[in-house]
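A.B. asks: predicted model follows, preceded by the sequence.
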Amino acid sequence: MTSLPGTLAQGQLDAYNAQDIEAFLEAYSDEVVVRTFPANEVTYKGIDKMRERYTALFEQNPNQHAALLSRVIKGTIVIDHEHVTGRANGVETEAIAMYEVSNGKISNVWFVSN
């Protein structure tokens, strides 16, 4: 049986790859906070800012896709390691995202910056 944090992480990843902004945002709290790791600097706050950023990302990168390489789930925390392709600039990259779930939604996100 998959945990709620794992289900939310997978749902937002599937919606990201489908570039379905509404399904993508469904996993997130209205007050979501996105930070860098390890500096813990706030990149942005709130679902409206997330909508703005990801709508632009999808428009600028219509072929972008994140393949899940590994996932670790510990309680309310999910850590995803992804290989991202199809970016408009042609650069492939690996990404690590950490999600914290509270009250049934992803409330905090950290992207590893180094």
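C.D. replies: That came through fine. Numbers count the residues shown, from 1 in each chain.

A.B. asks: show me what contacts residue 12?
C.D. replies: 24, 26, 27, 28, 106 (Cβ atoms under 8 Å, 6 or more residues apart in numbering). Every C-beta, even on glycine, is put in place using the N, C-alpha and C of the backbone.

A.B. asks: any of those buried? List them.
C.D. replies: The neighbour count (16 or more other Cβ atoms under 10 Å) marks 24, 27, 28, 106 as buried among these.

A.B. asks: circling back: out of the contacts of residue 12, which are inside strands?
C.D. replies: 28, 106 (DSSP state E).

A.B. asks: so which of the contacts of residue 12 is the closest to residue 54?
C.D. replies: Ranked by distance to residue 54 (Cβ to Cβ), these are led by residue 24 at 6.2 Å.

A.B. asks: show the pLDDT at that closest one.
C.D. replies: Looking at residue 24, its pLDDT reads 98.

A.B. asks: mind checking how far it is from residue 90?
C.D. replies: From residue 24 across to residue 90, the span is 23 Å (Cβ to Cβ, to the nearest Å).

A.B. asks: neighbours around residue 16, how many?
C.D. replies: Neighbourhood size, residue 16 [other Cβ atoms under 10 Å]: 21.

A.B. asks: could you check how far it is from residue 40?
C.D. replies: Taking Cβ to Cβ, one finds residue 16 at 23 Å from residue 40.

A.B. asks: again with residue 112
C.D. replies: Distance from residue 112 to residue 40, counting by Cβ to Cβ: 12 Å.
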